[in-house]
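**Q** please work out how this folds:
(one chain, ligands or ions: 2)
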Amino acid sequence: MPDKREISQKIKDLAAEIGFDACGICSAGEVDSATKSYLKKWLDESYQADMHYMENHWEKRCNPAKLVEGTKSVVCLAINYYPARKQPSEHPQFAYYAYGKDYHDVMKANMQELFDKIKVFIPNLEGRMFCDTAPLLERYWAAKAGIGFIGKNSLLIIPHKGSYFFLGELLLNIELAYDEPLGISCGNCNRCIESCPTQAIVSPYVVDSNKCISYQTIENKGSISRSIIPNLQNRLYGCDICQQACPWNRFALPHTVAEFEPSDAFLSLSTEKLESLSVEEYRTIFKGSAVKRAKYEGLKRNLEAIKQSLKNVN
Ligand code: SF4
Ligand code: SF4
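**A** Ligands and ions are numbered 1, 2, ... in the order given. Take a look at the predicted model:
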């Protein structure tokens, strides 16, 4: 039986072979008290807006072993989604993460492959995999596992690679060799805070979802807040501004995942085409895409809002 260090290295080698861009491993257990206080304060301030699911499952959210009994290790994984081909800048903009097929499906398929391959040499392996689908503090675990650090925009930054990464986790019932946090931070940089058009980063590391264009154009099922509309400009679905401002994203290289490639039909979505987009066309273009989250009506709502926003400016 290989030792923990050899097994951990083998897991990382397999993750790289499958196509993950980063893999780190940490011990499971309670999240630290600073993170708990941060989360509690964030909820007390109602910065989760209407995402009330964030208020649920406190115990599980703060301890993966309560989410999946017997969890001893968290294997944190990341896949790059930075696109090589981008929308024309005059078109209503989608956040880069939404260009291709739904990342949940891609991440889960890759994580399942990794899990199955680990099980070949550890037959008693048990565990579960998650990608943005459970009460799990993904960025906390990724930082603890040393694959990056949490930036002032609250996103995980991978040094010399940037922040355009999907995150996923395997919660496993075995002990492994653990990585250390990187021990680096944003330092004096405040570019994300200064660049946010709605001042949604209310203090370093704290994002008020109520003010965030990503929340307003994706998660918000009601009307877009009137105070946010003037700042939308041509951001139709999501917002990448605080990532584009981050100096670490100068290092971003295009992904190599076929499923994340935008289709020609998607890239041709001008304001005029979006205005005349039928439900059938919407279903065809966004089949298997995360944009389905906003639904056809949501996209049309956003289109009206950005038209209003641009009209106010011009
Ligand atoms: S996603 Fe956009 S609106 Fe939200 S915090 Fe970042 S820059 Fe601000
Ligand atoms: S822009 Fe600067 S402050 Fe913001 S996340 Fe990047 S390095 Fe940190």
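**Q** okay, now R128: neighbour count?
**A** Using other Cβ atoms under 10 Å, R128 has 16 neighbouring residues. Bear in mind the C-beta positions are built from the backbone N, C-alpha and C, glycine included.
**Q** and it, how far from ligand 2?
**A** Distance, R128 to ligand 2, by Cβ to the nearest ligand atom, to the nearest Å: 30 Å.
**Q** tell me if that residue really is in a helix.
**A** No: assignment of R128 by DSSP: H, G, I helix; E, B strand; the rest coil gives strand, placing it outside any helix.
**Q** residues in contact with it?
**A** 68, 170-171 (Cβ atoms under 8 Å, 6 or more residues apart in numbering).
**Q** S270: which of these is nearest?
**A** L170 (41.4 Å; Cβ to Cβ).
**Q** mind listing what that closest one touches?
**A** L170 neighbours (Cβ under 8 Å, 6+ apart): 74-75, 77, 111, 114-115, 127-129.
**Q** looking at those, which one is closest to ligand 2?
**A** For the contacts of L170, the residue nearest ligand 2 by Cβ to the nearest ligand atom is L77; the value is 21.0 Å.
**Q** what's around that closest one, how many residues?
**A** 30.
**Q** how about the residue lying closest to I201 once chain neighbours are set aside, secondary structure?
**A** Spatially, and ignoring its direct neighbours in sequence, I201 is nearest to I193 (4.6 Å; Cβ to Cβ, 6 or more residues apart in numbering). Put simply, I193 is helix when judged by three-state DSSP.
**Q** does the worst-scoring helix or strand of the chain on mean pLDDT reach ligand 1?
**A** Lowest mean confidence among the helices and strands of the chain (mean pLDDT, DSSP states H and E): helix 295-313, at a mean of 91. No: Helix 295-313 is not in contact with ligand 1 by Cβ under 6 Å from any ligand atom; minimum separation 13.0 Å.
**Q** residues of the stretch 101-250 of the chain that sit close to ligand 1?
**A** Checking the stretch 101-250 of the chain against ligand 1 by Cβ under 6 Å from any ligand atom, the hits are 153, 196, 198, 200-201, 207, 212-214, 239, 241-242.
**Q** no further queries at this time; thank you.
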